[in-house]
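Peer 1: Structure for this input, please:
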Amino acid sequence: MTEYLLIESRDPFESRDVGYYYELARGLSEAGNQVSVFLIQNAVLAARSSADVPELLALLNTGIKVMADDFALKERGITKFLEGIQIALIDVVVDHLEAGHRTLWH
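Peer 2: The predicted structure follows:
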């Protein structure tokens, strides 16, 4: 089993290819890999409790760990999140890199 960290930085409401990245995460998970997704920069807009991003909801429903950068959330004034989103420090990325996880940034 390979461990992956997929970092998403794009706003899903502006960039159509974000959905494809979420699909990549789901496909890697279905293939038996351990997958985590880290939302950073404008990607945290999808973590809002009022956001309607079906692909992200699908990730949460499959048990993929989805984290949102605390600094990016604070910068955008986001205080209410989708159930299942974990708030994390950017240190998570360093921890994954140090552990040798395959890391992709989009």
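
Peer 1: now stretch 78-86, how far from the centre of its chain.
Peer 2: When distances are taken as Cα atoms, centre = their mean, to the nearest Å, stretch 78-86 is centred 12 Å away from the chain's centroid.

Peer 1: ah, wrong one, I meant stretch 84-95
Peer 2: Centroid displacement of stretch 84-95 relative to its chain, using Cα atoms, centre = their mean, is 9 Å.

Peer 1: quick one: buried residues of it?
Peer 2: Residues of stretch 84-95 classed as buried by neighbour count (16 or more other Cβ atoms under 10 Å): 85, 88, 92, 93. The C-beta positions use only the backbone N, C-alpha and C, and glycine is treated the same way.

Peer 1: mind listing what the third one touches?
Peer 2: The contact partners of residue 92, taken as Cβ atoms under 8 Å, 6 or more residues apart in numbering, are 5, 38, 67.

Peer 1: For the buried residues of stretch 84-95, could you give me a markdown table that also reports secondary structure?
Peer 2: What follows is those, written out as a markdown table (DSSP: H, G, I helix; E, B strand; the rest coil):
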| residue | secondary structure |
| --- | --- |
| 85 | strand |
| 88 | strand |
| 92 | helix |
| 93 | helix |
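
Peer 1: Would you check which pair of those residues lies furthest apart?
Peer 2: In the buried residues of stretch 84-95, two members sit farther apart than any others by Cβ to Cβ. They are 85 and 93, at 16.4 Å.

Peer 1: any chance you could map the strands in the chain?
Peer 2: Assigned by DSSP state E, the strands in the chain fall at 3-8, 34-39, 65-69, 85-88, 102-105.
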